[in-house]
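Starting from these lines, generate the structure:
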Amino acid sequence: MTARFETLRYEVEGGLARLTLNRPEQRNGMTNRMVREAREALELAATDQTLRVLVLTGAGTSFCPGADLNHFTSGEADERLTSPDFQVTTLLHEIPAVTVAAVNGACAGAGMGWALACDLRLMTAGAKLNTAFLDVAVAGDMAIPWSLPRLVGAARARDLSFLPRRIDATEALQIGLVARVFPDDTFRADVEDVLAALLAKSPTALLGLKQHYVMAERMGLRDFVDYEAERHLRIARSEHTAEAFRAFVEKRPPRFT
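Presented below is the predicted three-dimensional model:
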């Protein structure tokens, strides 16, 4: 299934959704239309019960450097955003599917906010990250003050926000901003390997674990343990778990249907 949008591509096949920011001539700079279309695409993903994984990336050699400043200073026509449109970050973080940001180039400002909201971040060795908002005299959107401290701690998050600078892939990996860094020339293939590994997992267990992480952020420890235990026992009685046990004993890959 492919949905038609002006500023991005949204394609679904075999349990995998690909959300590609698609303004390569502008390095995938963000416009109001892109924000709205991203929300609409992610709302489709949130209700698609066939999805297990969603990958967010950029067309060309850039992920998203934040707002397209040339667009916003040119007077070009654009859409007017409302509060619900800014929930792109919430959707990336909370939709049932596991979300993966494939950071294939420059990633700054609101683009960094979108990447941080995903479950996993994969980064090409030549890419750079930057909070960037204060450099253009805005406090920012797309929830970096919510996401960033959870990844790198409160003090480092404030340092990176109040004193914006470029963060290379080596540092991003060291401080926990990204999960894995791959060479530029093999990045696309390496991302596909990660996606294939996720898709090979039991859909029941994979989506269950994603929901556990979402709910853990909303609950106290005691309530979460009760919630997790009930779901764990239910999933453990599923045919997928029985198949995984058989496959382990028989020394073969599991076959989930």
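
which residues in the stretch 1-150 of the chain form strands?
Along the stretch 1-150 of the chain, counting by DSSP state E, counting those that start in this stretch, strands occupy 2-3, 8-13, 16-21, 53-58, 98-103, 107-108, 120-124, 128-130.

Low-confidence regions, the stretch 101-250 of the chain specifically.
Nowhere does the stretch 101-250 of the chain drop to pLDDT under 70.

Flag every buried residue along stretch 53-69.
Across stretch 53-69, burial judged by 16 or more other CB atoms under 10 Å covers 53-60, 62-68. All C-beta spots, glycine's among them, are computed from the backbone N, C-alpha and C.

tell me which of those residues is nearest to A143?
Checking these against A143 with CB to CB, the nearest one is G66 at 13.8 Å.

Dihedrals phi and psi, the closest one?
phi 100, psi -160 (degrees, to the nearest 10).

Got the confidence number for it?
G66 carries a pLDDT value of 96.

just A77 next, same as before
pLDDT, A77: 68.

which of the strands of the stretch 1-150 of the chain sits most buried?
strand 107-108 (a mean of 28; mean count of other CB atoms under 10 Å).

What is that one packed up against?
strand 128-130 (3 or more CB pairs under 8 Å, 6 or more residues apart in numbering; DSSP states H and E).

follow-up on the earlier one: let's have the strands of the stretch 1-150 of the chain in JSON lines, adding distance to M215.
As requested, these are arranged in JSON lines below (distance: least, CB to CB, whole Å):
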{"stretch": "strand 2-3", "distance to M215": "29"}
{"stretch": "strand 8-13", "distance to M215": "25"}
{"stretch": "strand 16-21", "distance to M215": "22"}
{"stretch": "strand 53-58", "distance to M215": "19"}
{"stretch": "strand 98-103", "distance to M215": "15"}
{"stretch": "strand 107-108", "distance to M215": "28"}
{"stretch": "strand 120-124", "distance to M215": "18"}
{"stretch": "strand 128-130", "distance to M215": "28"}
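
Out of those, the one nearest F245 is which?
strand 98-103 (22.8 Å).

Run through who's touching the closest one.
If you take CB atoms under 8 Å, 6 or more residues apart in numbering as the criterion, strand 98-103 is touched by 52-57, 63, 92-93, 114-124, 127, 129, 178, 187, 191, 194-195, 198, 206-207, 210.

Next: stretch 226-240.
202-205, 208, 211-212, 215-216, 219, 241, 254, 256.

repeat that with 7 Å
Under the criterion CB atoms under 7 Å, 6 or more residues apart in numbering, residues 202, 204-205, 208, 212, 215, 219, 241, 256 lie in contact with stretch 226-240.

How about stretch 210-219?
Contacts of stretch 210-219 (CB under 7 Å, 6+ apart): 94, 96, 98, 119, 224, 227-228.

What about those residues, which are in helices?
94, 224, 227-228 (DSSP state H).

Going by neighbour count, which of those residues are buried?
Counted by 16+ other CB under 10 Å, the ones in helices among the contacts of stretch 210-219 give 94, 227-228 as buried.
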